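Novice: Pasted the sequence and its predicted model underneath.
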Amino acid sequence: MSRSPSLPDRPRLDLDPEMSEAERLSAIRQHFERLVAVNDELDDRLSEALDRREELKGEVDQLKDRNEALKTSSLYVATVEEVTDDGVVIKQHGNNQEVLTDASPHLDTEIENGDRVAINDSFAIQTLLDDETDSRAQAMEVDASPEVRYEDIGGIDEQVREVREAVEDPLTNPEMFAEVGVDPPSGVLLYGPPGTGKTMLAKAVANETDATFIKMAGSELVRKFIGEGSRLVRDLFELAADREPAVIFIDEIDAVASKRTDSKTSGDAEVQRTMMQLLSEMDGFDDRGEIRIMAATNRFDMLDEAILRPGRFDRLIEVPKPAPEGRQKILEIHTRDMNVADDVDFADFAEQLDDYSGADIASLATEAGMFAIRDERTEVTRADFDAAFEKLESTDEKTVLPGHTDYQY
Ligand SMILES: Nc1ncnc2c1ncn2[C@@H]1O[C@H](COP(=O)(O)OP(=O)(O)OP(=O)(O)O)[C@@H](O)[C@H]1O
């Protein structure tokens, strides 16, 4: 074992043969006293080390308990209302219940008013969470004036018309609905394969009505802590109310609104709670307000019917992959700013893009431009489009998701 450098030196006994008997005796006595002193010091050190060991053992036990608690129990999210001498007042998300509680000793000094915390079943604060604004920013995209316009969307004219009727008219002409005495659709659900322009449609309608576009990804609503998802849903609607007129767009809504599974895991229960919050926000909504709600899914077949009831997502719009003329239109849109050679015939080329989505066509156009650039040409030729087509076909970069070919609309 290596010796600690701070341990006292071992006393030495130097006896000179020339010493008298009395001198030897006194030297031995002094040596003995030094040995006793070192012994006492070592004793002190030992008991200090033992105390420290006990202390560390206590900390290890505490960490083990905390680890177990974190592993085994569901945690709920709450906000710290007040830190008092008697404990911490928290308000639980979801039910708004106020509770006086304690924080784990390791968090005692860190907790401040307004912090977001995770609490266990007995309300004890277990973890300090990231700043709420961080998690909101992660989950929501807010765009005061999205750039997309209706003319940027190709091949789905009928869907554009339907969206305008269901979302734009109630925003720009609410009196008409009142006069005629019909309620505009509460929510508009766009469904269809990936990359067909669903997000573009929502952005375009927000742009054309001068509304703020607020997007929330359904997958982001599936949060780790109980109460977080429903809180985000509430935040979403509050934010929209602050920013009226606004278009709320919930992408991948299937993440929170899938058919009920039989499993009873706490994760599923949390997803259910988030969906319930979404439904209750929609139910309490004034149809003729300045906020319109849209959602999108690639998995219509998975949706829980509860979200499709009247007053909820009651206008369904299918957004399919484009037909040949639509593909031609999308090619023209995505090559608007390109220097395209005369030998390119988009009507003819579009014929071969069977099963291509708008997103596939957008990347095909970019890829064709890249071939021209690599060749140091400023004009994009039919050969470039053919090469881009070959590349996409061979790498299978198209947005066909495995298992997503059999949509059951
Ligand atoms: N109909 C279209 N017209 C023009 N461009 C399109 C069209 N559809 C898709 N695109 C192109 O593909 C990109 C992605 O489209 P968008 O995000 O709207 O698809 P989406 O249907 O919302 O897809 P996902 O289901 O994967 O979210 C767009 O930014 C655009 O460049």
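Specialist: Ah, there it is. Numbers count the residues shown, from 1 in each chain.
Novice: Quick check: the residue of the stretch 301-409 of the chain nearest the ligand.
Specialist: Relative to the ligand, the nearest point of the stretch 301-409 of the chain is residue 358 (2.1 Å; Cβ to the nearest ligand atom). Heads up, the C-betas are built off the backbone N, CA and C, glycines and all.
Novice: and that residue, what does it touch?
Specialist: By Cβ atoms under 8 Å, 6 or more residues apart in numbering, residue 358 lies in contact with 153, 154, 155, 195, 196, 197, 200, 322, 330.
Novice: near the ligand, which residues of the chain?
Specialist: Residues of the chain found near the ligand (Cβ under 6 Å from any ligand atom) are 153-156, 194-200, 251, 296, 298, 330, 333, 358-359, 362.
Novice: In helices only, show me those.
Specialist: Members of these lying in helices (criterion: DSSP state H): 198, 199, 200, 330, 333, 358, 359, 362.
Novice: So for the first one, what's the pLDDT?
Specialist: The per-residue pLDDT reported for residue 198 equals 95.
Novice: where's residue 389, which helix or strand?
Specialist: Using DSSP states H and E, residue 389 sits within helix 382-395.
Novice: Which elements pack onto the helix or strand hosting residue 268?
Specialist: Assigned by DSSP H and E, residue 268 belongs to helix 266-283. When contacts are defined as 3 or more Cβ pairs under 8 Å, 6 or more residues apart in numbering; DSSP states H and E, helix 266-283 sits against helix 228-242.
Novice: for the helix it packs on, packing partners?
Specialist: Against helix 228-242 (3+ Cβ pairs under 8 Å, 6+ apart) you get helix 132-139, strand 140-143, strand 212-217, helix 218-221, strand 246-251, helix 266-283, strand 291-297.
Novice: what's the fourth one in contact with?
Specialist: Contacts of helix 218-221 with the rest of the structure, by Cβ under 8 Å, 6+ apart, involve 138-140, 229, 232-233, 250-257, 274, 295.
Novice: re the thing from before, so the residue of the stretch 301-409 of the chain closest to the ligand versus residue 244, what's the distance?
Specialist: Note on residue 358: its distance to residue 244, by Cβ to Cβ, to the nearest Å, is 30 Å.
Novice: Check the offset of stretch 150-167 from the chain's centre.
Specialist: The chain centre lies 29 Å from the centre of stretch 150-167; the measure is Cα atoms, centre = their mean, to the nearest Å.
Novice: start to end distance for that stretch?
Specialist: Start-to-end span of stretch 150-167 (Cα to Cα, to the nearest Å) is 13 Å.
Novice: if I pick residue 243, what's in contact with it?
Specialist: Counting by Cβ under 8 Å, 6+ apart, residue 243 has contacts 142, 144, 212, 214.
Novice: Okay, and the closest residue to residue 387 other than its chain neighbours sits in which element?
Specialist: Distances taken as Cβ to Cβ, 6 or more residues apart in numbering place residue 371 nearest to residue 387, at 4.9 Å, with adjacent residues excluded. Using DSSP H and E, residue 371 sits in helix 358-374.
Novice: quick one: the most centrally placed residue in the chain and residue 355, what's the gap?
Specialist: Centrality entry for the chain: nearest residue to the mean C-alpha point is residue 220, 3.6 Å, by Cα atoms, centre = their mean. Plainly put, residue 220 is 30 Å away from residue 355 if you go by Cβ to Cβ.
Novice: So which bits of the helix holding residue 371 are buried?
Specialist: 358-365, 367-369, 371-372 (16 or more other Cβ atoms under 10 Å).
Novice: got the angle for the helix holding residue 268 vs strand 291-297?
Specialist: On the basis of axes from the mean of the first three to the mean of the last three Cα atoms, to 10 degrees, helix 266-283 is oriented at 140 degrees to strand 291-297.
Novice: Quick one: buried ones out of the contacts of helix 218-221?
Specialist: Taking 16+ other Cβ under 10 Å as the criterion, what is buried in those is 139-140, 229, 232-233, 250-257, 274, 295.
Novice: now stretch 195-213, how far from the centre of its chain.
Specialist: Centre-to-centre, stretch 195-213 and its host chain are 21 Å apart (Cα atoms, centre = their mean).
Novice: got the CA coordinates for that stretch in PDB?
Specialist: This file holds the C-alpha atoms of stretch 195-213, laid out as PDB (Å, rounded to 0.1, in the frame of the first residue of the first chain):
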ATOM      1  CA  GLY A 195     -43.400  14.500 -48.500                       C
ATOM      2  CA  THR A 196     -46.600  15.300 -50.400                       C
ATOM      3  CA  GLY A 197     -47.000  18.900 -49.200                       C
ATOM      4  CA  LYS A 198     -49.100  18.700 -46.000                       C
ATOM      5  CA  THR A 199     -46.800  21.000 -44.100                       C
ATOM      6  CA  MET A 200     -46.600  23.300 -47.100                       C
ATOM      7  CA  LEU A 201     -50.400  23.600 -47.200                       C
ATOM      8  CA  ALA A 202     -50.500  24.600 -43.500                       C
ATOM      9  CA  LYS A 203     -47.700  27.100 -43.900                       C
ATOM     10  CA  ALA A 204     -49.300  28.600 -47.100                       C
ATOM     11  CA  VAL A 205     -52.700  29.100 -45.500                       C
ATOM     12  CA  ALA A 206     -51.000  30.800 -42.500                       C
ATOM     13  CA  ASN A 207     -49.000  33.000 -44.900                       C
ATOM     14  CA  GLU A 208     -52.000  34.000 -47.100                       C
ATOM     15  CA  THR A 209     -54.100  34.900 -44.100                       C
ATOM     16  CA  ASP A 210     -51.300  36.700 -42.300                       C
ATOM     17  CA  ALA A 211     -51.600  34.300 -39.400                       C
ATOM     18  CA  THR A 212     -48.800  33.100 -37.200                       C
ATOM     19  CA  PHE A 213     -47.800  29.500 -38.000                       C
END
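Novice: Please consider this matter closed, and thank you.
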